[in-house]
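Engineer: need coordinates for the following:
(chains A and B)
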Number of protein chains: 2
Amino acid sequence: MREVAIVAAGMTRFGELWQASLRDLFVQAAQEALRSVGPSRVDGIFVGNMSGGQFVGQEHLGPLCADHLGMAGVAATRVESACASGGAALRMGFLAVASGAHDLVLAAGVEKMTDGGDVTSVLATAADQETEVYHGITFPGLYAMIARAHMETAGTTEEDLAAVAVKNHRHGALNPKAQFRREVSIEEVLASTFVAEPLRLLHCSPVSDGAAAVLLCPLAEAHKYTDKPVKILGSGLATDAIALADRKDPAFLEAVALSGKRAFEMAGVGANEIQVAEVHDCFAIAEICCVEALGLVTKGQARTAAASGETALGGRIPVNTSGGLKSKGHPVGATGIAQAIEIFEQLRGEAGERQVEGARVGLTQNMGGSGASSVVHVLERV
Amino acid sequence: MREVAIVAAGMTRFGELWQASLRDLFVQAAQEALRSVGPSRVDGIFVGNMSGGQFVGQEHLGPLCADHLGMAGVAATRVESACASGGAALRMGFLAVASGAHDLVLAAGVEKMTDGGDVTSVLATAADQETEVYHGITFPGLYAMIARAHMETAGTTEEDLAAVAVKNHRHGALNPKAQFRREVSIEEVLASTFVAEPLRLLHCSPVSDGAAAVLLCPLAEAHKYTDKPVKILGSGLATDAIALADRKDPAFLEAVALSGKRAFEMAGVGANEIQVAEVHDCFAIAEICCVEALGLVTKGQARTAAASGETALGGRIPVNTSGGLKSKGHPVGATGIAQAIEIFEQLRGEAGERQVEGARVGLTQNMGGSGASSVVHVLERV
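Structural biologist: Reported below is the predicted structural model:
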């Protein structure tokens, strides 16, 4: 298995980008990634996208994206795992390069959510159509049930949930690519309207457009493209029962734990060695469950990790320094790649005001549905 | 790069399977593939599917399929390349095993087309939404233009097109899994109603439900599962301009030629060594263009290859012995895997009345859209 490195990255601003189509967004992110390495011969493209078909009437994004990038001919394939589609595309790119079949791969993600379909209904197609969606539930409701279960078992409070949003907005205010570049207070979060009790508007990630892309090559050839390659130490993907009701404990995300375990094993590092992490905070409760399942914080202390500053910039293990899905935005197919870009920049010392000093090992965790799929990557500056 | 083998296969009958849901179909095919090898530990699942979101309101098929197979936890991802989704899933499975990251992978494809969405409109999302679909064209119209161009440049006749359908129905009549197990005559084809002139109803593949699955492992471990492994000698994927109007020659499928070239180079065999092939005959003209682009027949003779018997059972290079998409059926995401199963069975001498005697090297070619993506695999009995 060849060692694989990320050597370049590009992404659009995330937000309501009414003037840009899906293909525009992809091309913008891809061109930025490619520009930084100069003329080079991409031989594979993986596009993470949840639902181009439902959102904008466009499936078959492999050739569409290759074509509009001026690369018709190149092997290009779409990968889907709901909101973990970006992470899954990164993993496919990793496997393609690791196998020896590809030498320079663009792993990208894109979603155009503000045009077209009813967003909540489209996203709900990532849940179990027969046992969940048919009966009327959508994701805010599913995550509200996860939150209720976590409150019940771990004593999590509405203030704990609010602290996650406050922290991530504080981080996102420092990110030029973020959808919401403003801080919010605990009081504002707790005064925002309920979406699905106990989750309020400011506990929820927004509807976003955006694209992100990274360039992968064998580590042995990385010096051709950059002086600061970031090695993919480990990659893990796992699944769980798709319906929340079919899980042993709705407050514990098994797929997150298992994907982390697989990535840590491949990487040969433990959770305690991670210095900066991007995790999937589609709702505030998700960040709490994810840092817990990954073992990034001590068991039982996940609920207070944001409020205590442990997972904030300057804390022991900064989480979602990009602003996370909450503040940076969540164009679902792009999110997993954008997470990798934040860690790529952190490990290269290029994160500006959000820089975690001396970070050499970082982690990304990207999740689909109510936790039915999860992808973890462990990255290291080499 | 590890050598990879197909060691088992399973598929549903193709057809209008009103009593079975998408998940039922997947499980039926996967269980059949797994049953033939006995208890074993699958560590990866790739599901080819074009449009579960639009057809039946279900994206996120990786975890859904793993879960309903009783394998929640296993790494499972959906792969999409329109009607080439199955071929793309096979390629992902191949790369995953070749890389060393996975040791036993289920590469599957599934589509449920008879429930839910307006099939022609859903399929049209594989074309270019902005420059084609928006203006009202769908796939019968696009392939009709390809046919007209081929008539113009190669002298192809309505009778040549009809001969492809007649041949494939003759083959499909021998296939217990085929949707249409009956022969049709040239006269019947030429008397069938126009769908998009010059293409008639009996030039078109049908709307189908179905699923197919193959099991992949390192060739070095294949003996654990079967006495008759089939090695994946080569795998090639290529793209082309997504819009037909953006191609140099609408009658020549560049992506098919390029994917073939890549697969042949990896395999170290030439087109003249292929003894049996499954190619993408979504419309009769497509088979003519594909055998031409792949070099399976002499240039200029593709249009008469079916009528002359060259590509029929008993001919020099039998094509679509399964009945092809035309007669076997075309549940779009499943087609690429079903093609691999036909060649797997042919190379193992298990194709019954459709057996091509002594076949040791075969090929599959699966296509997306009007030829914007194509995947070719070269397989060998070892």
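
Engineer: burial of A:Glu183, as a residue count?
Structural biologist: 15 (other CB atoms under 10 Å in any protein chain shown). All C-beta atoms are positioned from the backbone trio N, CA, C, and that covers glycine.

Engineer: and the residue nearest to A:Ser40 when sequence neighbours are not counted, what's its pLDDT?
Structural biologist: Leaving aside its chain neighbours, A:Ser40 sits nearest to A:Leu104 (6.0 Å; criterion: CB to CB, 6 or more residues apart in numbering or on different chains). You'll see A:Leu104 listed with a pLDDT of 97.

Engineer: number of residues surrounding A:Leu104?
Structural biologist: 21.

Engineer: tell me where the stretch 101-250 of chain A has helices.
Structural biologist: A:119-124, A:139-154, A:158-172, A:186-191 (DSSP state H, counting those that start in this stretch).

Engineer: who in the stretch 251-382 of chain A is up against chain B?
Structural biologist: Within the stretch 251-382 of chain A, the positions near chain B by CB under 8 Å from any CB of the partner chain are A:Glu254, A:Ala255, A:Leu258, A:Arg262, A:Gly368, A:Gly369, A:Ala372, A:Ser373.

Engineer: out of the helices of the stretch 101-250 of chain A, which gets nearest to A:Ala211?
Structural biologist: helix A:119-124 (17.3 Å; CB to CB).

Engineer: before we move on, the earlier item: looking at it, the residue nearest to A:Ser40 is touching A:Ile45, isn't it?
Structural biologist: No - using CB atoms under 8 Å, A:Leu104 makes no contact with A:Ile45, being 10.1 Å away.

Engineer: next, the contact list for A:Phe14, please.
Structural biologist: By CB atoms under 8 Å, 6 or more residues apart in numbering or on different chains, the residues touching A:Phe14 are A:Lys177, A:Ala178, A:Gln179, A:Ser208, A:Asp209, A:Gly210, A:Lys328, A:Gly329, A:His330, A:Pro331, A:Ala334, A:Ala338.

Engineer: ranges for the helices of the stretch 251-382 of chain A?
Structural biologist: Counting by DSSP H, counting those that start in this stretch, the helices of the stretch 251-382 of chain A are A:254-267, A:284-294, A:324-328, A:332-347.

Engineer: state the distance from the residue positioned nearest the centre of chain A to B:Thr125.
Structural biologist: In chain A, the centroid-proximal residue (CA atoms, centre = their mean) is A:Gly336; its distance is 3.2 Å. Distance, A:Gly336 to B:Thr125, by CB to CB, to the nearest Å: 23 Å.

Engineer: repeat that for A:Ala284.
Structural biologist: A:Ala284 is 34 Å from B:Thr125, by CB to CB.

Engineer: show me which of the two is the more surrounded one.
Structural biologist: Using other CB under 10 Å, the more surrounded residue of A:Ala284 and B:Thr125 is A:Ala284, with 31 against 24.

Engineer: doesn't A:Val164 make contact with that one?
Structural biologist: Yes - with contact defined as CB under 8 Å, A:Ala284 counts as touching A:Val164 (4.0 Å).

Engineer: what is in contact with those two at once?
Structural biologist: Both A:Ala284 and A:Val164 are in contact with A:His203, A:Lys326, where contact means CB under 8 Å, 6+ apart.

Engineer: tell me which two in the residues of the stretch 251-382 of chain A next to chain B are the farthest apart.
Structural biologist: Farthest-apart pair in these is A:Arg262 and A:Gly369; separation 18.7 Å (CB to CB).

Engineer: these two: which is more packed in?
Structural biologist: A:Gly369 (31 against 21).

Engineer: residue contacts, the more buried one?
Structural biologist: A:Ala82, A:Cys83, A:Ala126, A:Ala127, A:Phe139, A:Ile242, B:His60, B:Pro63.

Engineer: just the closest of those residues to B:Arg381, please.
Structural biologist: The closest of the contacts of A:Gly369, once distances to B:Arg381 are taken by CB to CB, is B:Pro63, at 34.7 Å.

Engineer: surely A:His203 is in contact with A:Cys282?
Structural biologist: No - counting by CB under 8 Å, A:His203 sits too far from A:Cys282 to count as a contact (9.9 Å).

Engineer: quick one, domains of chain A?
Structural biologist: Domain assignment for chain A by automatic domain parsing gives A:4-118+A:207-224, A:119-203+A:232-381.

Engineer: would you mind finding the most buried of those?
Structural biologist: domain A:4-118+A:207-224 (a mean of 25; mean count of other CB atoms under 10 Å in any protein chain shown).

Engineer: picking that back up, would you list the contacts of A:Gly369 in TSV and tack on pLDDT and distance to A:His223?
Structural biologist: What follows is those, written out as TSV (pLDDT from 0 to 100; distance: CB to CB, whole Å):
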residue	pLDDT	distance to A:His223
A:Ala82	98	36
A:Cys83	98	35
A:Ala126	98	40
A:Ala127	98	45
A:Phe139	97	43
A:Ile242	98	43
B:His60	98	39
B:Pro63	98	38
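
Engineer: max pairwise distance over these: which two?
Structural biologist: Going by CB to CB, the pair spanning the contacts of A:Gly369 furthest: A:Phe139 and B:Pro63, at 14.7 Å.

Engineer: pick out the residue of the stretch 251-382 of chain A closest to chain B.
Structural biologist: Closest to chain B within the stretch 251-382 of chain A is A:Ala372: 3.8 Å, counting by CB to the nearest CB.

Engineer: so who does that residue touch?
Structural biologist: A:Ala82, A:Ala126, A:Thr239, A:Asp240, A:Ala241, A:Ile242, A:Ala255, B:His60, B:Pro63, B:Leu64, B:Asp67.

Engineer: so which of the residues you listed belong to strands?
Structural biologist: A:Thr239 (DSSP state E).

Engineer: quick one: A:Lys112 and B:Leu215, what's the gap?
Structural biologist: Applying CB to CB, the value for A:Lys112 to B:Leu215 is 37 Å.

Engineer: and what of A:His377?
Structural biologist: 27 Å.

Engineer: can you check A:Leu161 too?
Structural biologist: Remark: distance between A:Leu161 and B:Leu215 (CB to CB) = 44 Å.

Engineer: same deal with A:Pro250?
Structural biologist: 33 Å.

Engineer: any idea of the pLDDT on A:Gly362?
Structural biologist: Per-residue pLDDT puts A:Gly362 at 98.

Engineer: excluding covalently adjacent residues, which one is nearest to it?
Structural biologist: A:Ile343 (3.9 Å).

Engineer: hmm, A:Asn366 and the one you found touching each other?
Structural biologist: No - between A:Ile343 and A:Asn366 there is no contact, the gap being 11.6 Å when judged by CB under 8 Å.

Engineer: contacts only, for A:Val376.
Structural biologist: A:87, A:234-237, A:256, A:259-260, A:262-264, A:294, A:363-366.

Engineer: got it, and A:Gly236?
Structural biologist: A:258-266, A:375-377, B:75.
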